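Peer 1: A predicted structure for the sequence below; I have some questions about it.
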Amino acid sequence: MAGIGYGIWHDEDFQRKYMYPYPYRQFIEYYADRYQMDECLIAGVALAESKFEPTAQSVHGAQGIMQIMPETAAWIAYQIEDDDFSAAEMYEPEKNIKYGTWYLASLNEEFFGNKVLMLAAYNAGRGNVHEWMEKYGWDENFSDYKQIPFPETREYVQKVLKYERKYKKLYK
């Protein structure tokens, strides 16, 4: 009987449907391409942040699929010249994925294309990551997420990287 359970959990169709779903794939693919990001990474962030739930709201106020803070969303709207921006739009899947992907691309550029630093900044804030870089002497070659001082951020980075690998395996 244990073999049956093992087989189900390791069946790729089961994993695609129940463990690593890919709703809103058309938006993720489009904006990943537009902002030159890896779609599997974006899917991993969406799964980690909200399990793709458009109406998700964190206790801190982060909104939507990519869990974007209202202040960050307003800043992104300014950066991309979205003059018609409304905070309520962060609950719209396409707009939230667009903003989240743009923000990840911005962080990717800011942190030298370093995925660990980029994800840490997405979770803990760019200011904290710059502080850690200065305090601990991290540079663009930093890769040991276990050194991240915030436990939540450390776990977040590990989780997103795992999800990215799974999406690559299941959907590429």
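Peer 2: Okay, I see it.

Peer 1: spatially nearest residue to His77 (excluding sequence neighbours)?
Peer 2: Not quite, residue 77 is Ala, not His. Sequence neighbours aside, Phe85 is the residue nearest to Ala77 in space, at 3.5 Å (criterion: Cβ to Cβ, 6 or more residues apart in numbering). (C-beta placed from N, C-alpha, C; glycine too.)

Peer 1: which helix or strand contains the one you found?
Peer 2: Using DSSP states H and E, Phe85 is not contained in any helix or strand.

Peer 1: what residue is smack in the middle of this protein?
Peer 2: Val45 (2.4 Å; Cα atoms, centre = their mean).

Peer 1: run through the residues that contact the residue nearest to it when sequence neighbours are not counted.
Peer 2: Leaving aside its chain neighbours, Val45 sits nearest to Val160 (5.6 Å; criterion: Cβ to Cβ, 6+ apart). Counting by Cβ atoms under 8 Å, 6 or more residues apart in numbering, Val160 makes contact with 41, 44-45, 48, 119.

Peer 1: out of those residues, the closest to Ile68 would be?
Peer 2: Val45 (10.8 Å; Cβ to Cβ).

Peer 1: tell me the secondary structure of that closest one, please.
Peer 2: Classification of Val45 using DSSP: H, G, I helix; E, B strand; the rest coil returns helix.

Peer 1: list the contacts for it?
Peer 2: 66, 100, 104, 119, 122, 160, 163.

Peer 1: in JSON lines: those residues, plus distance to Phe142.
Peer 2: Formatted as JSON lines, the contacts of Val45 follow (distance: Cβ to Cβ, whole Å):
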{"residue": "Met66", "distance to Phe142": "24"}
{"residue": "Gly100", "distance to Phe142": "23"}
{"residue": "Leu104", "distance to Phe142": "17"}
{"residue": "Leu119", "distance to Phe142": "12"}
{"residue": "Tyr122", "distance to Phe142": "15"}
{"residue": "Val160", "distance to Phe142": "16"}
{"residue": "Tyr163", "distance to Phe142": "21"}
